[in-house]
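In: Return atomic coordinates for the entry below.
(chains A and B)
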Number of protein chains: 2
Amino acid sequence: MLRTHTCGELRITDIGNHITLCGWAQRSRDLGGMTFIDLRDRYGITQLAFNMEENPILCDQARKIGREFVLQIVGVVRERSSKNIKIETGEIEIVCSEIKILNTSLTPPFTIEDETDGGDELRMKYRYLDLRRNTVRKNLQLRHKMAQQTRSYLDSKEFIEVETPVLIKSTPEGARDFVVPSRMNPGEFYALPQSPQTFKQLLMVSGFDRYYQIVKCFRDEDLRADRQPEFTQIDCEMSFVEQEDILNMFEGLVKHLFATIKGIDIENMPRMTYADAMKYYGCDKPDTRFEMKFVELNDVLKNKGFKVFDDAELVVGINAKGCSEYTRKQLDELTEFVKKPQIGATGLVYAKVNLDGTIKSSVDKFYDADALKKWQDKFDAKPGDLILILAGNADKTRKALSELRLEMGTRLGFREQNKFSCLWVLDFPLLEFNEEENRYFAMHHPFTSPKPEDVSLLETNLGAVRANAYDMVINGVEVGGGSVRIFNKDLQKKMFSVLGFTDEEAQNQFGFLMNAFEFGAPPHAGVAFGFDRLCSLFGGENSIRDFIAFPKNNSGRDVMIDAPSSIDKKQLDELSIALK
Amino acid sequence: MLRTHTCGELRITDIGNHITLCGWAQRSRDLGGMTFIDLRDRYGITQLAFNMEENPILCDQARKIGREFVLQIVGVVRERSSKNIKIETGEIEIVCSEIKILNTSLTPPFTIEDETDGGDELRMKYRYLDLRRNTVRKNLQLRHKMAQQTRSYLDSKEFIEVETPVLIKSTPEGARDFVVPSRMNPGEFYALPQSPQTFKQLLMVSGFDRYYQIVKCFRDEDLRADRQPEFTQIDCEMSFVEQEDILNMFEGLVKHLFATIKGIDIENMPRMTYADAMKYYGCDKPDTRFEMKFVELNDVLKNKGFKVFDDAELVVGINAKGCSEYTRKQLDELTEFVKKPQIGATGLVYAKVNLDGTIKSSVDKFYDADALKKWQDKFDAKPGDLILILAGNADKTRKALSELRLEMGTRLGFREQNKFSCLWVLDFPLLEFNEEENRYFAMHHPFTSPKPEDVSLLETNLGAVRANAYDMVINGVEVGGGSVRIFNKDLQKKMFSVLGFTDEEAQNQFGFLMNAFEFGAPPHAGVAFGFDRLCSLFGGENSIRDFIAFPKNNSGRDVMIDAPSSIDKKQLDELSIALK
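Out: Model (predicted):
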């Protein structure tokens, strides 16, 4: 080893010891008689001291060392005169007797500090320097621990980790595949997996009983902020279980992660049906760090002569507790917020329950004091509360109110990143109708089983069929989801036909799975968690980028290595393809 | 849960308990009054008993259950009258009170037994059934344990697991890349990584200090038996280390795996230079489970009038101890063996040291008793030994003798699969000359550092430069290898120029790495183990296929899912490519 200790290791108890350290010169301070260098490695920072009087040659050498030079130093540990209690090595420093410059460095294009002066683009281009920053490195260390603890929990529950293939078969159902031309099979292509779904189901047919894998998946979709073409899943499947068993097992995983990584004891993990989530929160992944449930008002507010409400399919509101003192300006801001195109409401109605008990609404013209009293009752509003109401098409209005609820939650400080609220959302619809293609698509995927009591609806009312499907939602973010699978060949066939597959198409794309179901498939169910997202949630950040070592930008480019890139004509020829 | 216990769990202490089991009907035996079914799951086999007198309806139902039906049964544990000590549940059986057929099964195309009647092709097509067989499932369970223990060791040594990207940049150096057309960047392609080499080096530049990953890699090469287009590596890198540190660290890993997985204590891990490996074993991955070292004979055997030896660049032999009684037929077999085209020798000379001390050679005409005595001394041959000699071009002869040595080792029973001999081979040549392309290629890869004392030879004698590169060899199989890396930009540039890259090509392909080296790259070194191979070695089998859940065949096809396959024209259009 080129060192005896790391830069995070030495303490007051090491005083007098002769040591060798390696690391990067974080910064140096020249105080005339003394020169100090902060030497940094992954483990910490140690102060090096050079005395002009005692060793002028060495001190002179030290003064010439630039930021990010790589050093090997030899010296003796001594107690610092002015201690730094903020860092663990802050009580000591090293009196150096030798410096060896292992490598020099150009001046980095941005500062290697927790708060850097580098913009996103520069940080991505020099990602290897960005990763030197404590904040980014700690995110990846958190990710490492998350993976360790995930495996530790699943190992203890007798799950077997199995690697499924990356070069698989393209299927048109679902998102767009990345494909890989096969040189040995000209004109044919592999696809990269969007998930190991069919393979994990085959492993259940094989009797593996409990499977998991922390696995890279791929989707060639148009990228939004925070969506990566390659992403990582915690992928799991179990046999001989019912939905309840899966919920308990993976509730256990999430609790284990919170306990071991964050030291947080998640006591309960409430369950909510999809129908209730939509009714009370207007979305299928409610942020339950705060209440502020929707109150539907059609019975109270309609037919009072206010055309906007009278014409609306749904009138629905929330109670922003303690906001009755909102100014005109603040209320105007909220109105502007809901009218933004991505929110899509046409206007906002409010009613303030003043501290003196009177109520003042923006539609006083249509509603007298008695009517407003009824509003107040509906919301159980107290003096000081602010009622906010939207109206219009039911789906759109719920969606808009959901956004307004989150906005109010943020304004009221209910959405702190270090408070965690977990929730299972259950009983998702099996299918959703796609207007554009004029057919139903699987909401989860084509292998999800309908609720047994809803199977007959497959003949009569496709939109009403509920699935044995579940999502785990933490702080309004869907971190995982899964379903009880179909394990009966006939039901699977029925499902493909509902999705508009001909028998031939179904056989061609998923024949191997349906064939496998002929040979004794056990009841099984599974779940997958978005690992990048889970890590960023635990790290208390919104962006997943800084929890991925080498992420891609919104055009799917790695700007550091400059990929994708053009390839030689010879390569194209070998693959029997041409550019168009 | 659909069960209270697994099929491997119940013991004599459970007698009288009411239990529910799930599993597959392995086989049933109808003995008139009694019917027995062996119920199988991943954990074991439990015998179910049905009594015609006590419960004729249920017994009748049991008789109709076919092989591989999926059952849920309810019953009571009782002691068996005739115990089966071969299985852990062999002291008990279940008196069933209910059977539920969870799923039926067609008759499998081959028997689900340790020794199956299914050929390779059938087993691969129905891989999900093949995986039900104990032997295959146990291989994958072994793999799971190997991964666990690898992580456990590396975690304990402060290695951080970092996921590197799968969609990277194509580089013409090395093996052929699989490429992925980018829809969002028309005309451009990602490549799948042949290894995370450059990324792990960048992580060292980032100060990650110790990195590991168990990671899928990809190579579009013509497949031989036992080479897969996608394979798995244990990939590691360390900073601020010298070669000795790496050797010790990963010797430690291999010892840890042997201790925890096999219960074998590997005491020492000898080291051998590449030069010695070639001289004494004729190959760079000698099987050291047995000695039988090469003895070079130019000084003793040449210039005695035997033209074959006189004309030969090298005369070299081995001593097959205790084989002097080999018959004419056996010796002819050996001669035929070495003359096979893939071995390539022109003939075999032998000398038997008979039990009475006399020596009989196949070239007595040219060598008298005194000469033969010298042979005997050279080999330290005792009465009963058989000396085998090849001659010709040095490289080819060594290669042929290496094969003959392995053949003799096999014949003599020295190559048992449960005996393990580990070895580091050191000081590989940095470069090897490729006749076809008339230039030097990196033997390991272009980032491997030359030995400091050989750097000057880069100007004068490229073929003589030794690298700080090492391979771990177990039982004659190269299971891993690595090198101390170049971390100096100028030396890296020099290396690219030696490999025939123009500055522009080097910058275009590896510019990001050379730029990174401008900003303070630490000394670093690493290693990668072939995980599939390591697992098969621990499993005592030659083929890696049965240690991969879903392998591909020699044409790179997954015959189960039928991939690769053709894709829609719409997909091709979106990707801006066409078939040729």
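In: does any part of the longest helix seen in chain A sit near chain B?
Out: Longest helix of chain A, by residue count under DSSP state H: helix A:134-156. Yes - counting by Cβ under 8 Å from any Cβ of the partner chain, chain B has neighbours in helix A:134-156: A:Arg137, A:Leu140, A:Gln141, A:His144, A:Ala147, A:Gln148, A:Arg151, A:Asp155. Using the backbone N, CA and C atoms, a C-beta is placed for each residue, glycine as well.
In: quick one: contacts for the last one?
Out: Taking Cβ atoms under 8 Å, 6 or more residues apart in numbering or on different chains as the criterion, A:Asp155 is in contact with A:Glu161, B:Gln148.
In: Check what pLDDT it gets.
Out: For A:Asp155, the pLDDT comes out at 97.
In: returning to that earlier point: just the buried residues of the longest helix of chain A, please?
Out: A:136-137, A:139-151, A:153-155 (16 or more other Cβ atoms under 10 Å in any protein chain shown).
In: any idea how far stretch A:150-165 is from the chain center?
Out: Stretch A:150-165 has its C-alpha centroid displaced from the chain centroid by 21 Å (Cα atoms, centre = their mean, to the nearest Å).
In: make that stretch A:73-84, sorry
Out: 43 Å.
In: For that stretch, output the C-alpha coordinates as PDB.
Out: Provided in PDB are the C-alpha atoms of stretch A:73-84 (Å, rounded to 0.1, in the frame of the first residue of the first chain):
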ATOM      1  CA  ILE A  73       3.200  12.400   2.300                       C
ATOM      2  CA  VAL A  74       5.200  11.100   5.200                       C
ATOM      3  CA  GLY A  75       5.000  12.700   8.600                       C
ATOM      4  CA  VAL A  76       4.200  12.600  12.300                       C
ATOM      5  CA  VAL A  77       0.800  13.200  13.900                       C
ATOM      6  CA  ARG A  78       0.600  16.100  16.300                       C
ATOM      7  CA  GLU A  79      -2.200  17.900  18.200                       C
ATOM      8  CA  ARG A  80      -3.500  21.000  16.500                       C
ATOM      9  CA  SER A  81      -3.200  24.300  18.300                       C
ATOM     10  CA  SER A  82      -6.500  25.500  16.800                       C
ATOM     11  CA  LYS A  83      -8.900  22.500  16.600                       C
ATOM     12  CA  ASN A  84     -11.700  22.100  14.000                       C
END
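In: Kindly state the beta-bridge partners for A:Trp34.
Out: Residue A:34: Met, not Trp. Residues in a beta bridge with A:Met34, per DSSP bridges, are A:Asn51.
In: isn't it right next to A:Ala49, touching?
Out: Yes - counting by Cβ atoms under 8 Å, A:Met34 touches A:Ala49, with 6.3 Å between them.
In: Which residues of the stretch 451-580 of chain A lie near chain B?
Out: Residues of the stretch 451-580 of chain A lying near chain B (Cβ under 8 Å from any Cβ): A:487-488, A:511-512, A:516-523, A:548-550, A:552, A:555-558, A:560-568, A:571, A:573-580.
In: Buried ones among the residues you listed?
Out: By neighbour count, with 16+ other Cβ under 10 Å, those hold A:487-488, A:512, A:516-517, A:519-523, A:548-550, A:552, A:556-558, A:560-561, A:563-565, A:567, A:571, A:575, A:577, A:579 as buried.
In: Okay, buried residues for stretch A:427-445 please.
Out: Residues A:Asp427, A:Phe428, A:Pro429, A:Leu430, A:Leu431, A:Tyr440, A:Ala442, A:Met443, A:His444, A:His445 are the ones in stretch A:427-445 that count as buried (16+ other Cβ under 10 Å).
In: Likewise for stretch A:95-111?
Out: Applying a neighbour-count criterion of 16+ other Cβ under 10 Å, one finds A:Cys96, A:Ile99, A:Ile101, A:Leu102, A:Asn103, A:Thr104, A:Ser105, A:Pro108, A:Phe110 buried in stretch A:95-111.
In: Mind putting those into TSV with secondary structure and pLDDT?
Out: Output for the buried residues of stretch A:95-111, formatted as TSV (DSSP: H, G, I helix; E, B strand; the rest coil; pLDDT from 0 to 100):
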residue	secondary structure	pLDDT
A:Cys96	strand	96
A:Ile99	strand	97
A:Ile101	strand	97
A:Leu102	strand	97
A:Asn103	strand	97
A:Thr104	coil	97
A:Ser105	strand	97
A:Pro108	coil	95
A:Phe110	coil	95
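In: contacts with chain B among those, please.
Out: A:Leu102, A:Asn103, A:Thr104, A:Ser105, A:Pro108.
In: hang on, the third one packs against A:Arg67?
Out: No - in this structure, A:Thr104 sits apart from A:Arg67 without contact. The criterion is Cβ under 8 Å, and the distance is 10.6 Å.
In: Looking at the buried residues of stretch A:95-111, which is nearest B:Asn475?
Out: A:Leu102 (38.5 Å; Cβ to Cβ).
In: Who are the contact partners of the closest one?
Out: Residues in contact with A:Leu102, defined by Cβ under 8 Å, 6+ apart, are A:Leu2, A:Cys22, A:Val70, A:Leu71, A:Gln72, B:Pro522, B:Pro523.
In: Is there any residue in the helix or strand where the fifth one lies that contacts chain B?
Out: Remark: A:Gln72 resides in strand A:70-79, with elements defined by DSSP states H and E. Yes - shown here: strand A:70-79 in contact with chain B (Cβ under 8 Å from any Cβ) through A:Val70, A:Gln72.
In: before we move on, what about stretch A:184-203?
Out: Yes - counting by Cβ under 8 Å from any Cβ, chain B has neighbours in stretch A:184-203: A:184-192, A:198-199, A:202-203.
In: Looking at those residues, state which has the most neighbours.
Out: A:Tyr190 (31 neighbours; other Cβ atoms under 10 Å in any protein chain shown).
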